[in-house]
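Trainee: With the sequence up front, the predicted model follows.
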Amino acid sequence: MWTWRRTKANSGKTAREARTGPLRWKNYSAQTGYVYQYVLRGSRPWAQGTSGDEEYVFHATRDRKDVFAASVVLTREVMEEWSRASGRELLAAERYAVAKLSLQAAFDEYESEARFREAIVPGMGMIEQLLERLGL
């Protein structure tokens with residue numbers, strides 16, 4: 001089940017505006033030289049993983065013509081490992097921040113859009129690095 005808002009089909013707005021107004025595409029200048037635009041489309045339980053895995057689905061483009069989906073999966077196993085090490089669970093906003101920074105790290109690393117067909121699954125080391133950047 002998606003966690004974004006559902007809207008009336010015949011609201012008179014375009015698909016982009018129907019959510020709650022126009023989508024807020026964010027820009028990211030990657031180390032690969034591309035400038036990506038991306039937006040979070042929602043989160044849901046990850047169908048391919050175990051219970052408790054959470055998938056964040058982003059739409060992204062690097063040429064403003066072709067939009068592709070990119071998924072970041074935060075596994076229950078890694079989240080529990082981080083919780084045991086830190087003594088607390090990550091808040092929803094912190095999990096989103098980890099997903100967003102993981103996507104940006106992939107923008108820096110991946111040369112082709114084809115690499116985004118596979119879900120980005122950050123491990124414990126990556127999550128610790130990202131949370132350190134956030135000061136957590």
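Mentor: Ah, there it is. Numbering: from 1, shown residues only.
Trainee: Going by neighbour count, which residues in the one helix or strand Phe58 maps to are buried?
Mentor: Phe58 belongs to strand 54-61 when assigned by DSSP states H and E. Residues of strand 54-61 classed as buried by neighbour count (16 or more other C-beta atoms under 10 Å): Glu54, Glu55, Tyr56, Val57, Phe58, Ala60, Thr61. All C-beta atoms are positioned from the backbone trio N, CA, C, and that covers glycine.
Trainee: Name the residues that touch that strand?
Mentor: 36-47, 67-74, 76, 95-96, 99-100, 103, 107, 116, 119 (C-beta atoms under 8 Å, 6 or more residues apart in numbering).
Trainee: Convert the C-alpha atoms of the next helix or strand after that strand to CSV, please.
Mentor: Later in the chain than strand 54-61, the nearest helix or strand by DSSP H and E is strand 68-74. Extracted as CSV, the C-alpha positions of strand 68-74 are listed here (Å, rounded to 0.1, in the frame of the first residue of the first chain):
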residue,chain,number,x,y,z
PHE,A,68,12.8,6.6,-14.5
ALA,A,69,11.9,5.0,-11.1
ALA,A,70,14.6,4.4,-8.5
SER,A,71,14.0,2.5,-5.3
VAL,A,72,15.8,2.6,-2.0
VAL,A,73,15.1,-0.2,0.4
LEU,A,74,15.8,0.0,4.1
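Trainee: next structured bit after strand 68-74?
Mentor: Later in the chain than strand 68-74, the nearest helix or strand by DSSP H and E is helix 76-86.
Trainee: C-terminal to the lengthiest helix in the chain, what's the next element?
Mentor: Criterion DSSP state H: the longest helix present in the chain is helix 92-109. Next helix or strand after helix 92-109 toward the C-terminus (DSSP H and E): helix 124-133.
Trainee: Just the buried residues of that next one, please?
Mentor: Buried, per 16+ other C-beta under 10 Å, within helix 124-133: Met126, Ile127, Leu130, Leu131.
Trainee: Would you convert those residues into a markdown table that also reports distance to Leu91 and pLDDT?
Mentor: Formatted as a markdown table, the buried residues of helix 124-133 follow (distance: C-beta to C-beta, whole Å; pLDDT from 0 to 100):
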| residue | distance to Leu91 | pLDDT |
| --- | --- | --- |
| Met126 | 18 | 84 |
| Ile127 | 14 | 84 |
| Leu130 | 14 | 83 |
| Leu131 | 11 | 81 |
